[in-house]
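J.: Coordinates only, no sequence provided:
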């Protein structure tokens, strides 16, 4: 993401691109803290299933925040170390990042590394192939972390994940569902990529508007065109995307805004889509336990709480 760092402190770049680390800004670290905390509870009720990381990266990063300086585990390593999954499928399309990811996984213990399968390619092509193979067990829980940097994730891929497993509602209102669809945690790049595609001043920046990209992100022109015709602000796209997830049958879809802690500027939304009520409680607890993110009230949350 082309974003401002929380600190002006420069990060020395290695000459060999394979040895470079990704930069983790403060809002990225907040997200990873929530994820790490969430998996501690997820493991207790849904452990033993599969994990899919659509944008695995290098497996590590370097913090650009002075108060949390140093190397940090990325999402793929956090998931592997959590012990919450019997199999992990890490997808990365960048060849240089892939080499570093393989080194990172190779440095894990044999027990953890044996659970990991690394896939080279575009997640929009790899995920459908993975779901139609015999690799994953549809009777076990599955969690997909779709942490895109911009607008790389196609709606067709989200739809494919959602339709892989059928949701079976509990026999009573207080019961827990026996089978849930793939649980999703999706980065929706609302305040970087998406807002640039949806110009506030349409006459001054007509070239910013990118309907083809929005078609791919939302699945069709019909999914968002009325917002454009009605001159809705770009923020409406976040809640339209959440509604799209609800139409796929998810019982709970919770958008959460992540800010730059040093400036207060919004960076992106994370959308949590699940069928399991405990997953909602666990995610809320994880957010409260990591600097109170759950206290940041957003319009639209009330309908799913």
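T.: Now that the structure is in, tell me what you want to look at. Not measured: the values here are computed from a predicted model. Residues are numbered from 1 along each chain as shown.

J.: number of nearby residues for residue 132?
T.: 11 (other C-beta atoms under 10 Å). No exception for glycine: its C-beta is placed from N, CA and C like everyone else's.

J.: repeat for residue 107
T.: Neighbours around residue 107, by other C-beta under 10 Å: 12.

J.: Would you verify that residue 269 is located in a strand?
T.: Yes. Counting by DSSP: H, G, I helix; E, B strand; the rest coil, residue 269 is part of a strand.

J.: Okay, it and residue 241: tell me how far apart.
T.: 8 Å (C-beta to C-beta, to the nearest Å).

J.: what does residue 169 give?
T.: Distance from residue 169 to residue 241, by C-beta to C-beta: 24 Å.

J.: hmm, back to that, between residue 269 and residue 241, what contacts are shared?
T.: Shared contacts of residue 269 and residue 241 (C-beta atoms under 8 Å, 6 or more residues apart in numbering): residue 188.

J.: related to what we said a few turns ago, compare neighbour counts for residue 169 and residue 241 and give me the winner.
T.: Legend: neighbour count by other C-beta under 10 Å for residue 169 and residue 241, higher for residue 241 (24 against 12).

J.: That one contacts residue 271, doesn't it?
T.: Yes. Counting by C-beta atoms under 8 Å, residue 271 is a contact partner of residue 241 at 6.8 Å.

J.: what is in contact with those two at once?
T.: residue 188.

J.: gap between stretch 239-258 and the chain center?
T.: Distance of stretch 239-258 from its chain centroid, counting by C-alpha atoms, centre = their mean, to the nearest Å, is 13 Å.

J.: Please list all residues in contact with residue 177.
T.: Contacts for residue 177 (C-beta under 8 Å, 6+ apart) come out as 167-170, 275-276.

J.: Which one of these is nearest to residue 179?
T.: Nearest to residue 179 among the contacts of residue 177 is residue 168, at 4.4 Å by C-beta to C-beta.

J.: in the sheet, who's paired with that closest one?
T.: Note on residue 168: beta-bridge partners by DSSP bridges are residue 179.

J.: Reduced to three states, what does the nearest residue to residue 31 once chain neighbours are set aside come out as?
T.: Using C-beta to C-beta, 6 or more residues apart in numbering and skipping residues adjacent in sequence, the residue nearest residue 31 is residue 258, 5.9 Å away. Secondary structure for residue 258, judged by three-state DSSP, is strand.

J.: okay, now residue 258: neighbour count?
T.: 21.

J.: now it: how far from residue 286?
T.: In terms of C-beta to C-beta, residue 258 sits 13 Å off from residue 286.

J.: avg pLDDT for the strand or helix carrying residue 216?
T.: Per DSSP states H and E, residue 216 falls inside helix 211-218. Helix 211-218 carries an average pLDDT of 93.

J.: where along the stretch 151-300 of the chain do the strands fall?
T.: Ranges of strands in the stretch 151-300 of the chain, per DSSP state E, counting those that start in this stretch, are 183-188, 252-259, 266-274.

J.: Flag the helix or strand of this structure with the lowest per-element mean pLDDT.
T.: strand 22-24 (a mean of 44; mean pLDDT, DSSP states H and E).

J.: I'd like the next helix or strand past it.
T.: Immediately after strand 22-24, counting by DSSP H and E, sits helix 26-46.

J.: That following helix - what's its average pLDDT?
T.: The model assigns helix 26-46 a mean pLDDT of 81.

J.: Give the residue spans of the stretch 1-150 of the chain that score low on pLDDT.
T.: 1-29, 61-70 (pLDDT under 70).

J.: Can you list the residue ranges for helices in it?
T.: 26-46, 75-82, 95-106, 110-113, 123-132 (DSSP state H, counting those that start in this stretch).

J.: looking at those helices, which is buried most?
T.: Mean neighbour count (mean count of other C-beta atoms under 10 Å) peaks for helix 75-82 among the helices of the stretch 1-150 of the chain, with a mean of 23.
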